[in-house]
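# One predicted model, sequence on top.
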Amino acid sequence: MAPGHPADGARAVALAEAIERETGTAVASLRPVAGGDLNDAFAAELADGTRLFVKTRAGAPAEEYATEAAGLRWLADPGALPVPEVVAVGEEFLAIAWVDGGGALDEEAFGRGLAALHAAGAPAFGSPPPGAPPPAPLRLGAVVLPSGAWPTWATCYSETRLLPLVAAARDRGALDAAGAAAVEAVCARIDDLAGPPEPPARLHGDLWAGNVHAGADGRPWLIDPAAYGGHREVDLAMLALFGGTRVRVLEAYEEVTPLADGWQDRVALWQLFPLLVHAVLFGGGYGGSAARIAQRYAGR
């Protein structure tokens, strides 16, 4: 790495050396960029002109970046939506191909591509991406949830998503006893609430608007996945929770694969999951929002 660069320092030098070891090519430059709350992010350029986006964090669990790399490859495999190529991965970093942004998102391409991605399927409900080092838990920031294979989405959702988060949110003080009881009541009758059976879908797993990157030409790229096998409505509910779902996206989605009857009534049910994740991570009003939703479904 050239001396005098803004990313100079022992840590940046060690990162450049690690990238060099994995790619076999010298790092010509490395500079910090915006990249998220959990990881530090860098733009790197290799000696051969290859441009990379690199995320890194000291003390990251050994399998974290390898699991994310497996998720990126799994999402890319059907060719339904563009996903940045994994260029290199180490214990403390992940390097993917740089994708220039700035275009207006092609909503039709996103909706149709997301439907095709979901339809590509998964081995089981709760299954991690193939190639992820076992046990490959689902990681959403500092939240860690089990992976595996469950016979139904309802069972997977209640036992490996909601109930562990209820306990964690209570421990943090982000969910009171009444809210916890309401979520537990939802879990007790989840079979009645989850809608008609569907096969496992190939989920992005953390599909808020910030993880849909509009390329310079407007193409929708998927980034920062927490991929697993689940119910396709969960990705759509996550988009709706943080304002990322637009009418044309849903129209285009249903042109490829119509959603099951009653899906609108289940949107908030699936939003319990990210709301509880946020309650565990950030506290604030997320626990109260989850409690209100749970009380609605528990009373049905």
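It's in.
# what comes up buried for the worst-scoring helix or strand of the chain on mean pLDDT?
In the chain, no helix or strand scores lower on mean pLDDT, DSSP states H and E than helix 10-23, which sits at a mean of 93. By 16 or more other C-beta atoms under 10 Å, the buried positions in helix 10-23 come out as 12, 13, 15, 16, 18, 19, 20, 23. The C-beta positions use only the backbone N, C-alpha and C, and glycine is treated the same way.
# what bits of this structure have low per-residue confidence?
The model of the chain has pLDDT under 70 over residues 1-8, 36.
# what ranges do the strands span in it?
Here the chain has its strands, by DSSP state E, at 27-33, 40-46, 51-56, 86-90, 93-97, 138-140, 143-145, 201-203, 212-214, 220-222, 228-230.
# Go through the ones you listed and name the closest to residue 118.
strand 201-203 (4.0 Å; C-beta to C-beta).
# Spatially central residue in the protein, please.
The centroid of the chain falls nearest to residue 206 when counting by C-alpha atoms, centre = their mean (2.6 Å).
# so it makes contact with residue 226?
Yes. In this structure, residue 206 is within contact of residue 226 by C-beta atoms under 8 Å, at 4.3 Å.
# For the two, list the residues in contact with both.
Residues touching both residue 206 and residue 226 (C-beta atoms under 8 Å, 6 or more residues apart in numbering) are residue 140.
# which ones are touching residue 69?
86, 89, 94.
# Out of those, which end up buried?
86, 89, 94.
# Give me the nearest residue to the first one, chain neighbours excluded.
This means residue 86. Computed as C-beta to C-beta, 6 or more residues apart in numbering, the closest residue to residue 86 that is not its neighbour in sequence is residue 69, at 4.6 Å.
# Could you do the second one as well?
Spatial nearest neighbour of residue 89, excluding adjacent residues (C-beta to C-beta, 6+ apart): residue 69 at 4.4 Å.
# can you check the last one too?
Nearest non-adjacent residue to residue 94, counting by C-beta to C-beta, 6+ apart: residue 65, 4.1 Å away.
# now residue 58
residue 92 is the one closest to residue 58 (C-beta to C-beta, 6+ apart), at 6.7 Å.
# Surely that neighbour touches residue 61?
No. Under the criterion of C-beta under 8 Å, residue 92 is not in contact with residue 61, lying 10.0 Å apart.
# higher neighbour count, the two?
Of the pair residue 92 and residue 61, residue 92 is the one with more neighbours under other C-beta atoms under 10 Å, namely 18 against 13.
# which ones are touching the more buried one?
So residue 92 contacts 15, 18, 56, 57, 58, 59, 60, 65 (C-beta under 8 Å, 6+ apart).
# Check residue 256 too.
Counting by C-beta under 8 Å, 6+ apart, residue 256 touches 111, 112, 115, 116, 119.
# Kindly confirm whether my reading is correct that the fourth one touches residue 80.
Yes. With the criterion set as C-beta under 8 Å, residue 116 and residue 80 qualify as a contacting pair; they are 3.7 Å apart.
# And these two? Which one has more around it.
Per other C-beta under 10 Å, whichever of residue 116 and residue 80 has more neighbours is residue 80, with 20 against 17.
# The stretch 201-300 of the chain: helices as residue ranges?
232-241, 247-256, 263-282, 286-298 (DSSP state H, counting those that start in this stretch).
# ok and the second one relative to helix 232-241, angle-wise?
For helix 247-256 and helix 232-241, the angle between their directions (axes from the mean of the first three to the mean of the last three C-alpha atoms, to 10 degrees) works out to 170 degrees.
# Next, the angle helix 263-282 makes with helix 247-256.
120 degrees.
# re the thing from before, what separates the residue nearest to residue 58 from residue 14, distance-wise?
9 Å (C-beta to C-beta, to the nearest Å).
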